[in-house]
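Participant: need a structure here:
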Amino acid sequence: EIFRTGEPLVDSIEWLALPGGSPRWLTATKMVLRDFDGRPIGTFGISHDITRQVEAERAAEATSEALAASHAELLKSQEELRVRQDELERTAAELRQRARELSAVADVARAAFKDDDVRTAMCAAARDLSGADIVTLVEPDGKGNLTLTGQAGHTLPKISMPLNQPAIAVNVYTTGKPRILADIHSDAQMSTAVVSLLEEIVGHPLRSVVYLPLCIDDRCLGVLTVTLPDRDIDGDQLMEVLEILAQEAATALDRADLHRRLQEQATHDVLTTLSNRRAILEQLDQAIARARRHNRGLGLLYLDLDGFKTVNDSYGHAAGDAVLVEVAARLRETTRIEDNIGRIGGDEFVVVCEDLSGAGESLKARLATAITKPYSDLGVEVPIGVSIGIAIWQSDDDAVLLLGRADHAMYADKAARGAWPAS
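Facilitator: Numbering: from 1, shown residues only. I've put the predicted structure just below:
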């Protein structure tokens, strides 16, 4: 074509398949050779191998697409949170409408469920509606107990009742049925010592106690206990009002717990409950701002487990998950309460340490000692090692750069220890 038209070909990109080798990308400039009379007698050209440039551009495009996908996923999560928030707001509106229809419950219910601390609010609402001296809320703590989580009126000491004990609140929780003790002085189910303690706290005689289960469908979330002064509640309309309040309180408690779980899922690793990468980067941004403002040290430790792949291959992923949970527990035990710990990859963890004050190597040694202890109690007999890199914040670091430097230091530590492959 060049020979026919006489037009040069400048910076043309061409693909060339070499025998027995990988295809190459070339950029070529070609021109016509002419004799002294201007007649074309041939062509000549110069080519440059731009294979690496093309591959780099394609890799950049793939990275950009991956980032775009991650961004889309983040937007999706935010949209889900927004939908949940809208649902919470619609539920609150429905509760307020129902409260207006319930006359005496109306103002109290609206005030209760607008409050950020829904547990305190529902206890206060029950106290205001009933004139109770003491209102308490107990909920399961996940350890086999019912534990005090909210109260209004006179303050009681911390309460914890084992679920295998024959307490009245435990029975109400397990059966989902309310209980009324119309006269606590004559009711055999009520301990005389407990009655004396309650009356000592409030400073006058008490008469009745109402135990209300807070249930959603067949799930009991807790028990609201209303302790009343000299009032006979047999056939009293108060019981109906309190049961309505208990229904609304259970819904509010369930919604609040759902909202909390959604927030935790957005910022925490599901398996270990440590901060996830997104949360760690936010925490790093905040820590860097404080370090810059107060001119103090900030360190980041990047940890990668050695030999973890062998655990998964030899014992299965359930055992691998158990090891990761145990590693998270050991990190919590070894670091300070103010340090931020995160899991940012399969077997990769970070620790954000403010005011590190040159103690990075000491902390690194303690973490290595903790993590490399045996995992025999989990049924895992292979040794687990750890490579740890430390990066100290410099004035021109942002969160991503600091994380990258710590990652680089971790690989240097891994190489120095001969701990390849990485996982």
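
Participant: could you use CA atoms for every contact and neighbour count after this?
Facilitator: Will do.

Participant: for Ser160, see how far away the nearest residue to Leu163 once chain neighbours are set aside is.
Facilitator: Counting by C-alpha to C-alpha, 6 or more residues apart in numbering, Leu163 lies nearest to Asn145, which is 5.2 Å off, once chain neighbours are set aside. As defined by C-alpha to C-alpha, to the nearest Å, Asn145 lies at a distance of 6 Å from Ser160.

Participant: still on that earlier bit, contacts only, for the residue nearest to Leu163.
Facilitator: Going by C-alpha atoms under 8 Å, 6 or more residues apart in numbering, Asn145 touches 160-163.

Participant: PyMOL command for the buried members of these?
Facilitator: In PyMOL syntax, the buried subset of those is picked out as below (16 or more other C-alpha atoms under 10 Å):
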select buried, resi 160+161+163
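
Participant: what two of the contacts of Asn145 are the furthest from one another?
Facilitator: Of all pairs drawn from the contacts of Asn145, the one with the longest distance (C-alpha to C-alpha) is Ser160 and Leu163, at 9.4 Å.

Participant: what touches both of the two?
Facilitator: Overlap between the neighbourhoods of Ser160 and Leu163 consists of 145-146, taking contacts as C-alpha under 8 Å, 6+ apart.

Participant: one step back: so what sits opposite the residue nearest to Leu163 in the bridge?
Facilitator: Each beta-bridge partner of Asn145 is listed here: Pro162, as defined by DSSP bridges.

Participant: please renumber so the chain begins at 29
Facilitator: Let's use 29 as the start, then, which means that last one is Asn173.

Participant: what about the helices in the protein?
Facilitator: If you assign secondary structure with DSSP state H, the helices in the chain sit at 30-33, 79-129, 132-142, 146-158, 196-203, 220-230, 265-295, 305-322, 336-343, 345-362, 388-399, 427-445.

Participant: show me what the longest one packs onto, helices and strands only.
Facilitator: In other words, helix 79-129. The contact analysis (3 or more C-alpha pairs under 8 Å, 6 or more residues apart in numbering; DSSP states H and E) places helix 79-129 against strand 52-62, helix 132-142, helix 265-295.

Participant: what comes up buried for the last one?
Facilitator: In this case it means helix 265-295. For helix 265-295, the neighbour count (16+ other C-alpha under 10 Å) marks 267, 269-271, 273-284, 287, 290, 292, 294-295 as buried.

Participant: so which of the helices of the chain is the most surrounded?
Facilitator: With neighbours taken as mean count of other C-alpha atoms under 10 Å, the helices of the chain reach their highest mean count in helix 146-158, at a mean of 22.

Participant: could I get the average pLDDT for that one?
Facilitator: When the per-residue pLDDT values of helix 146-158 are averaged, the result is 83.

Participant: now do it: which elements does it pack against?
Facilitator: helix 132-142, strand 162-168, strand 173-181, strand 247-256, helix 265-295.

Participant: for Leu37, give me its contacts.
Facilitator: Counting by C-alpha under 8 Å, 6+ apart, the residues that Leu37 touches are 30, 56-59.

Participant: look up the residues forming beta bridges with the closest residue to Ala315 other than its chain neighbours.
Facilitator: Counting by C-alpha to C-alpha, 6+ apart, Ala315 lies nearest to Glu382, which is 6.9 Å off, once chain neighbours are set aside. With DSSP bridges as the criterion, Glu382 is bridged to Leu326.
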